[in-house]
Every structure is written in structure tokens, then in C-alpha cells.
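Enquirer: one predicted model, sequence on top.
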Amino acid sequence: MGLGCIGNDDLICELECEIGTSVILYTVDGFAYYGELQKILDKKAVVLGPGKGQTDVIVRLPDQTFCPQGTGIIRESVALIDLCVIAAKTPELTEIPLDFTFIGPVDG
């Protein structure tokens, strides 16, 4: 186990208890993922599938996570995220937050 994983046992336990729920996972490199927790792989990675109300996992790019005028989102059918890079998570969500998919001002 690398140094970045020290103390992640509580996070792993929490994620295991929330399998089947939709959450946003925030990573140390600035990405944010909205999806349904599907499984934990060998206590090293989490698998996300499409969250409630979505057909894909929604990934916000780092510049958009911290600055809403960022470039946009990426859609993936599944996301595999290293547990060592997860910095925070939301509680269970019943739908994707409206501001999560914001991709910049619309020209009128």
C-alpha cells in the first residue's frame, strides 16, 4: 500500500456500505465523478456506473470543478477510480445536481 493510501480504511468501509447508490467522488487531481458505486476492486479501486437519471458516468474536468466557466464534461460508460486519489465524496444523491453539468454561459 502506498503512502497516499494510509488511512483510507474508513473510506473503503464507507464506500462498501454504499454500493448501489449514486454519489459524486472528488479526486486530488481536481476531477469529479457522478455515478453509481458498483464495486470495490481489491480495496484499490472503485467502479462507477451511470448514476440515477443518467446513461453514462459524468466526469467534470479539473478546471470546471473549481471554476464553473471551465471546458465541460466527459461521458463514460464506466469509470475506474484509484482509491488513493479520492479526496471527498457526497452523501447518496437521488439525482445529478443541476450545477454539476454546467458547461459555461449560453450565448443569447
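Expert: Arrived safely. All values derive from a computational prediction rather than experimental measurement.
Enquirer: only C-alpha atoms from now on, for both contacts and neighbour counts.
Expert: Fine.
Enquirer: tell me how far residue 80 lies from residue 38.
Expert: Distance, residue 80 to residue 38, by CA to CA, to the nearest Å: 10 Å.
Enquirer: between these two, what contacts are shared?
Expert: 46-48 (CA atoms under 8 Å, 6 or more residues apart in numbering).
Enquirer: among the residues you listed, who's most crowded?
Expert: Taking other CA atoms under 10 Å as the neighbour criterion, residue 48 ranks highest of those with 30 neighbours.
Enquirer: give me the mean pLDDT for whichever strand or helix holds it.
Expert: Assigned by DSSP states H and E, residue 48 belongs to strand 45-49. Mean pLDDT, strand 45-49: 96.
Enquirer: what does stretch 80-88 give?
Expert: 93.
Enquirer: residues of that stretch that come out buried?
Expert: Using 16 or more other CA atoms under 10 Å as the burial criterion, the residues of stretch 80-88 that qualify are 81-86.
Enquirer: also stretch 38-54?
Expert: Judged by neighbour count using 16+ other CA under 10 Å, the buried positions of stretch 38-54 are 38-40, 45-52.
Enquirer: quick one: secondary structure of residue 100?
Expert: Three-state call for residue 100 (DSSP: H, G, I helix; E, B strand; the rest coil): helix.
Enquirer: show me which of the buried residues of stretch 80-88 is closest to residue 16.
Expert: The shortest approach to residue 16 among the buried residues of stretch 80-88 belongs to residue 83, at 11.9 Å (CA to CA).
Enquirer: and stretch 39-55, end to end?
Expert: 18 Å.
Enquirer: ok, residues contacting that stretch?
Expert: Contacts with stretch 39-55, where a contact means CA under 8 Å, 6+ apart, come from 12, 15-16, 19, 21-23, 34-38, 56-58, 77-84, 94-96.
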